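Student: Could you look at this predicted model? Sequence included:
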Amino acid sequence: MSGRRAVFLDRDGTLLELVAYLHRPEEVSLIAGAASALRRLGQKGWLRVVVTNQSGIARGTFSMKDVLAVHERMLELLHAEGADLDGIEICPHHPDYTGPCSCRKPAPGMISRAADRLGIDTAVSWVIGDRSEDLQAGHLLGARTILVRTGYGREEEVTARSVQTPWITRVADDLSAACELLLAETARAGSQEGAGDSPVGPDMAGGSTGA
Ligand SMILES: [Mg+2]
Ligand SMILES: [Zn+2]
């Protein structure tokens, strides 16, 4: 399958500083280095798609309108640094309130929806997030994955060292470091894209593993 390559990234704790139930534009703050990382990805021809679980909508904590206002502010901050996004996918559901859905991470629905719409080949794409669920969603579709140590990432890394999490294949300090890592790996892999991945288990080392 030939398709475009993309980086699917989580929003809270990966692109934006973690704020519990973030729903006010004035609380939006980009993680340091995130905008320049996204700008660099764009320059190298990668699509950049945010995929975000927003169960606060199902719970009635905030509305879709609030989420869209947050995204408007997020884009404003990105644009101010010359960066952009190619898509934003939102899951507004929560199984306890709205029943099961196919888009809430770790389900891969948001990624496959964006992939269909933008002509993305998930097998040559990457997923970056601060939670295990973010990466599980991408791994199911054959994408490679990077856990970032921002947001909940440090706690998730500790857990990943004690239980088998084959969907976590790399660990990086933040979005910027994750982008450097994936650009270096894809440059190195060249036509051997996908070769040499090894799951991160209890023995995983920090930074680049496998390959
Ligand atoms: Mg997150
Ligand atoms: Zn959903």
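Tutor: On my side now, so go ahead. Ligands and ions are numbered 1, 2, ... in the order given.

Student: Distance from the chain centre to the helix or strand of the chain with the lowest mean pLDDT, please.
Tutor: Least confident helix or strand of the chain, by mean pLDDT, DSSP states H and E, is helix 153-162 with a mean of 92. Here the centre of helix 153-162 is set off from its chain's centre by 17 Å, with CA atoms, centre = their mean, to the nearest Å.

Student: buried residues in that helix?
Tutor: By 16 or more other CB atoms under 10 Å, the buried positions in helix 153-162 come out as Gly153, Glu156, Glu157, Ala160. The way it works is simple: take the backbone N, C-alpha and C, and place the C-beta from them, glycine included.

Student: counting contacts, what elements does that helix pack onto?
Tutor: helix 132-139, strand 144-148 (3 or more CB pairs under 8 Å, 6 or more residues apart in numbering; DSSP states H and E).

Student: what's the spacing between Asp12 and ligand 2?
Tutor: Asp12 sits 16 Å away from ligand 2, going by CB to the ion, to the nearest Å.

Student: Any residue of the helix or strand harbouring Ile90 touching ligand 1?
Tutor: Per DSSP states H and E, Ile90 falls inside strand 87-91. No. Strand 87-91 does not reach ligand 1 (CB under 5 Å from the ion); its nearest approach is 12.5 Å.

Student: Quick one: work out the angle between the longest helix along the chain and strand 87-91.
Tutor: Determined from DSSP state H, the single longest helix within the chain is helix 64-80. Using axes from the mean of the first three to the mean of the last three CA atoms, to 10 degrees, the direction of helix 64-80 lies 150 degrees away from that of strand 87-91.
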